[in-house]
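In: My questions concern the predicted model and sequence given below.
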Amino acid sequence: MTDSEVTDAPPEKKQLKPASQNPWYVLATIYGEQGDQFDEELHARNRRIWNGWACGHMPEEEREELAKEIEVDASELAPWTDVERKTVRRAFSARLGPGMVFPDPQTGCDFSTTKFEKSVHMMRYVFSGNVYFDSATFSGDAQFGAAAFSEYANFRTAAFSGDANFGYAAFNRGACFGSAAFSGDAYFGCVAFSGDAEFHAATFGGATTFHSAAFSGVTNFHSATFSGEAGFGSATFSRTAYFDSAAFRGDADFSLSTFLNSVVFESAAFCKNTHFELVSFSAGANYESVTFSGNVVFSHSAFSHSADFGSATFDRDALFDHASFCGSAHFYASMFSGIADFHSADFSGDAYFRRSTFHRFCYFTESTFGKRPDSPTRIFTTPPASATRASCQSFRSCPARFCTRTRSSRPRTLSTGL
């Protein structure tokens, strides 16, 4: 067989295994699976057995730190008692058959290609080694709230048919959700990603929340699809964040987020209203060729480095009022079909608007420019019939004014001649 034949062959479809045959799942539900109504006592008993297995070999100080992280009593992470050990081994053999090898906690957990027919409840579980859920399918809800993933966590190509809850979970190494499919709501609020976070080509069918999440490593949402609302408000991105070619089909909210390194939204599509107000961009922000089909708000956002909106399309209103551009601001060949509001914006670096197209009102009132702006190609359509006389007069005479600072920091008004 030639190399080309190997390359062109379709990938082998992995055979799913029922969760009831997975030794790690049996251990995680040693006292029984949850029914239609969630049983808190049953969950606590199962969690004690799992965490005692996962953490019993650790030094006491490490167990105490983990207990604080997942907010449980440190005794829950202590080694099993002799009575617990006998009970677990008896139940384990009863469900999987005699002679089944008991899992070693230091070799990690393998849930890959596992079919979970029932809802999975692993809230506040500790995964002390590498854990693999790649190609697993969750028919019910997947509850991993406040879980601790000490090593690499792999959920690549996993399919979540119900809601997925990872709120307040801690991923201390890399986390991979590449090409994962979330059919229901996906909640990652307040999650801590200490390593890289990989969501390349993931699909989110319901509401998606990453509110107040902390991304310490490289973040990759390249070609991800958000069909419902996408919330990244107050999230922190410490290293480069990639959202290039992502599709946001519902409202998108990044307000109050912090990008400590560069962020790439190149060729992304925002189909509804988008919020980037009060966002801090500490490095380059790339919005080249982005399409904003709904209203977009960048009010009071701070661009400490370059901001590139070249060839971006704004189909409705675009608000950049009170935004600050400390580096170069590129709007080359951008298209503004709605109102473009830059009033009180501060352009400390070069500002490029050449070949930009403004179809409606364009406001730069009280804006300040550290350097004379590169002139836009001024293309305007007729104001709508509903516009008032005052607004039409403003539109015809001078809908925008550029102001540049002199040495004395007193603004000097320069008419654009629009």
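Out: Now that the structure is in, tell me what you want to look at. Model, not experiment: these values are computed from the prediction.
In: Quick check: buried residues in stretch 49-63?
Out: 49-55, 58, 63 (16 or more other CB atoms under 10 Å). In this view, the C-beta of every residue, glycine as well, is placed from N, C-alpha and C.
In: Nearest to Asp141 among those residues?
Out: The shortest approach to Asp141 among the buried residues of stretch 49-63 belongs to Trp50, at 18.3 Å (CB to CB).
In: coming back round to it: in strands, which of the buried residues of stretch 49-63 fall?
Out: Per DSSP state E, strands hold no members of the buried residues of stretch 49-63.
In: out of the residues you listed, who's nearest His121?
Out: For the buried residues of stretch 49-63, the nearest to His121 is Trp50 (10.9 Å; CB to CB).
In: Just give the nearest non-adjacent residue to Glu33, would you?
Out: Lys118 (5.6 Å; CB to CB, 6 or more residues apart in numbering).
In: Contacts made by stretch 227-242 with the rest, please.
Out: Contact with stretch 227-242 is made by 185, 203-222, 248-264, 275, as judged by CB atoms under 8 Å, 6 or more residues apart in numbering.
In: actually stretch 116-127, sorry about that
Out: Outside stretch 116-127, the residues within contact range by CB under 8 Å, 6+ apart are 18-19, 25, 28, 33-34, 38, 43, 47, 50-51, 54-55, 66, 70-72, 77, 109, 136-151, 153, 162.
In: Using neighbour counts, trim these to the buried set.
Out: Of those, these count as buried by 16+ other CB under 10 Å: 19, 25, 28, 33-34, 43, 47, 50-51, 54-55, 66, 70, 72, 77, 109, 136-151, 153, 162.
In: And the strands in the stretch 1-150 of the chain?
Out: Applying DSSP state E, counting those that start in this stretch to the stretch 1-150 of the chain gives strands spanning 17-18, 109-110, 114-116, 120-121, 126-127, 131-132, 137-138, 142-143, 148-149.
In: In TSV: the ones you listed, plus mean pLDDT and distance to Ala268.
Out: Formatted as TSV, those follow (pLDDT from 0 to 100; distance: least, CB to CB, whole Å):
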stretch	mean pLDDT	distance to Ala268
strand 17-18	97	37
strand 109-110	97	35
strand 114-116	98	32
strand 120-121	98	32
strand 126-127	98	32
strand 131-132	98	30
strand 137-138	98	28
strand 142-143	98	27
strand 148-149	98	28
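In: Format those strands as a markdown table; extra columns: distance to Val290.
Out: Supplementary listing: the strands of the stretch 1-150 of the chain in a markdown table, determined by distance: least, CB to CB, whole Å:
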| stretch | distance to Val290 |
| --- | --- |
| strand 17-18 | 42 |
| strand 109-110 | 40 |
| strand 114-116 | 37 |
| strand 120-121 | 37 |
| strand 126-127 | 37 |
| strand 131-132 | 35 |
| strand 137-138 | 33 |
| strand 142-143 | 32 |
| strand 148-149 | 33 |
